[in-house]
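Trainee: Generate coordinates for the sequence data below:
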Amino acid sequence: MSTNPSTRMSADNSPIQAAQAWWWYRRLPGLDEGARCERARTSPRCQQGKPRSLVLVDLENVVGLPPRQITRDAAQVAFEEVTRLAHFDVGSDLLVVAVNPNLAFLAHSVAPGARLKTRHGENGADLCLVEELSDLRLLRERFGRVVVASGDGIFAEPVAAARAGGIEAVVLSRRAGLSRRLRLAAHEARYLGDSALQVA
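Mentor: Okay, here's the model as predicted:
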């Protein structure tokens, strides 16, 4: 099977989204094309003495506005705060952003290097991200840390499973919008728009 990211799509991803993913892999510094593909496929759960992170972003949730009111500026501010609080490392970590399809182009404009997933429905974006946490064995092989940027309770069970499986679990959310179940499931919660850091 080809390791070219542009040829691997979920049922929810369009060819445009696959091309965006390939653009991301081509930007990894210091690697030729073949090495970029191999690194993306086989990167270990720790690199250079720190856990490799899977960062999952529910963009609509972290912006904190109804979808029709989300502007590019608001999304940009929220996204930059998420990557800062997540200590995102562009050279080793994997970033996945999920949105309603109507916000796909906006999401790409603020996070052009992210793997973009879309799905219709009330919980469409959430379900896309939950799927990223569904294979615990694969998560343990590839990542030492999972960061979920959302306050929705739907993530409580998969986050708890990741934590029980030995993966560091961090949640990023607006303080008022964080589900209690999700907060209890994670090792740590970091609050958007708030300098406070809460540690379990």
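Trainee: Please make it C-alpha for all contacts and neighbour counts, starting now.
Mentor: Noted.
Trainee: Give me the three-state assignment for residue 127.
Mentor: helix (DSSP: H, G, I helix; E, B strand; the rest coil).
Trainee: Which residue ranges of this protein form strands?
Mentor: In the chain, the strands defined using DSSP state E lie at 46-47, 50-51, 53-58, 94-99, 115-118, 145-149, 168-174, 188-192, 197-199.
Trainee: who does the second one pair up with?
Mentor: Partners of strand 50-51 in the sheet, by DSSP bridges, are strand 46-47 (antiparallel).
Trainee: any idea how far residue 172 lies from residue 137?
Mentor: Distance check for residue 172 against residue 137: by CA to CA, to the nearest Å, it reads 24 Å.
Trainee: higher neighbour count, those two?
Mentor: Taking other CA atoms under 10 Å, residue 172 and residue 137 do not tie; residue 172 has more neighbours (26 against 11).
Trainee: surely that one meets residue 152?
Mentor: No - using CA atoms under 8 Å, residue 172 is not in contact with residue 152, being 10.6 Å away.
Trainee: Now the common contact residues for the two.
Mentor: Counting by CA atoms under 8 Å, 6 or more residues apart in numbering, residue 172 and residue 152 have no contacts in common.
Trainee: Can you give me the neighbour number for residue 52?
Mentor: 23.
Trainee: Look up the pLDDT of it for me, please.
Mentor: Here, the pLDDT recorded for residue 52 equals 94.
Trainee: OK, contacts around residue 104?
Mentor: Residue 104 is in contact with 116, 118, counting by CA under 8 Å, 6+ apart.
Trainee: Beta-bridge partners for the residue nearest in space to the middle of the chain, please?
Mentor: The centroid of the chain falls nearest to residue 56 when counting by CA atoms, centre = their mean (1.8 Å). Judged by DSSP bridges, the bridge partners of residue 56 are residue 96, residue 148.
Trainee: Isn't it up against residue 149?
Mentor: Yes - Residue 56 is within contact range of residue 149, at 5.9 Å (criterion: CA under 8 Å).
Trainee: Identify the contacts common to these two.
Mentor: With CA under 8 Å, 6+ apart applied, the contact sets of residue 56 and residue 149 do not overlap.
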